[in-house]
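**Q** 3D, please:
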Amino acid sequence: DELFTFILIPGVDPTNNVAERALRPGVLQRKIWGCLRTKKGAKNRDIMMSVMGTMKIQKKDFFRYGKEYILSKLSYKR
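**A** Numbers count the residues shown, from 1 in each chain. Sure, this is the predicted structure:
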């Protein structure tokens, strides 16, 4: 059923090219760096790349939202 979703739902791309292109920057970074030192570091990097990619698609400023998020976590709750 999922194979033909693009026929049933307008706007759904019949290929995975968008996803492949979104992954490319992370793959290039991994090749340049050689590897990541820990599984936790790799997971954190993957999450960050995913968030950055999603925000780029939504035309949102990652650094502005990221700063707001970090500051909200650092501020004291009174």
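
**Q** C-terminal to the strand or helix carrying Leu23, what's the next element?
**A** Per DSSP states H and E: Leu23 is located in helix 17-33. Of the helices and strands lying after helix 17-33 in sequence (DSSP H and E), the nearest is helix 39-57.

**Q** can you list contacts of the helix holding Leu23?
**A** Residues outside helix 17-33 that contact it (Cβ atoms under 8 Å, 6 or more residues apart in numbering): 36, 45-46, 49, 53. Every residue, glycine included, has its C-beta placed from N, CA and C.

**Q** in the host helix or strand of Phe6, what's buried?
**A** Element membership for Phe6, per DSSP H and E: helix 5-8. By neighbour count on 16 or more other Cβ atoms under 10 Å, the buried set for helix 5-8 is empty.

**Q** can you dump the C-alpha coordinates of that helix into PDB?
**A** Backbone C-alpha positions of helix 5-8 (Å, rounded to 0.1, in the frame of the first residue of the first chain) are rendered in PDB as follows:
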ATOM      1  CA  THR A   5       1.100   6.700  -1.600                       C
ATOM      2  CA  PHE A   6       2.300   9.300  -4.100                       C
ATOM      3  CA  ILE A   7      -0.700   8.400  -6.300                       C
ATOM      4  CA  LEU A   8      -3.300   8.800  -3.600                       C
END
